[in-house]
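Asker: With the input below, show me the fold.
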Amino acid sequence: MALAHVSNAKDWQTQVIDSPKPVFVDFWAEWCGPCRMVGPVVEELAKDYEGKVNFVKVNVDEANELAAKYNIFSIPTLMLVSKGQVVAQQVGAASKESYKNMIDRALAKA
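Answerer: As a prediction, this is how the structure comes out:
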């Protein structure tokens, strides 16, 4: 599955909260340099975890109500949502291994 883009509360509800699989969410913006560095890593992770985890990108400029709801003050912020709950979160750019560890720990608990 390609990365889905969520820009409103309705999409968030169907693609993240109601998802039967855990969802890796990338809060980002066009003007954010570190976000652009993380983008290709998130795309690689989406391929690595295909069928196990869904991946969603949320542009904070388009979906500022979602960013506010989840207290996103710095981007990139990456989180894993499982059964409607945030189970892991990483603020700032990190390595692919760091994100994989975050996902693997959450999957092990699920």
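
Asker: To what extent is Pro20 buried, counted in neighbours?
Answerer: Using other CB atoms under 10 Å, the number of residues around Pro20 comes to 7. Heads up, the C-betas are built off the backbone N, CA and C, glycines and all.

Asker: Nearest to the spatial middle of the protein, which residue is it?
Answerer: Residue closest to the mean C-alpha point of the chain, counted by CA atoms, centre = their mean, is Val25 at 1.1 Å.

Asker: May I have the strands that pair with the host helix or strand of that one, each with its orientation?
Answerer: In this structure, Val25 sits in strand 23-28 according to DSSP states H and E. Strand pairing for strand 23-28, using DSSP bridges, gives strand 54-59 (parallel), strand 77-82 (antiparallel).

Asker: returning to that earlier point: from Pro76, how far out is the residue nearest to the centre of the chain?
Answerer: As judged by CB to CB, to the nearest Å, Val25 and Pro76 stand 10 Å apart.

Asker: Quick one: end-to-end distance for stretch 6-14.
Answerer: Start-to-end span of stretch 6-14 (CA to CA, to the nearest Å) is 10 Å.
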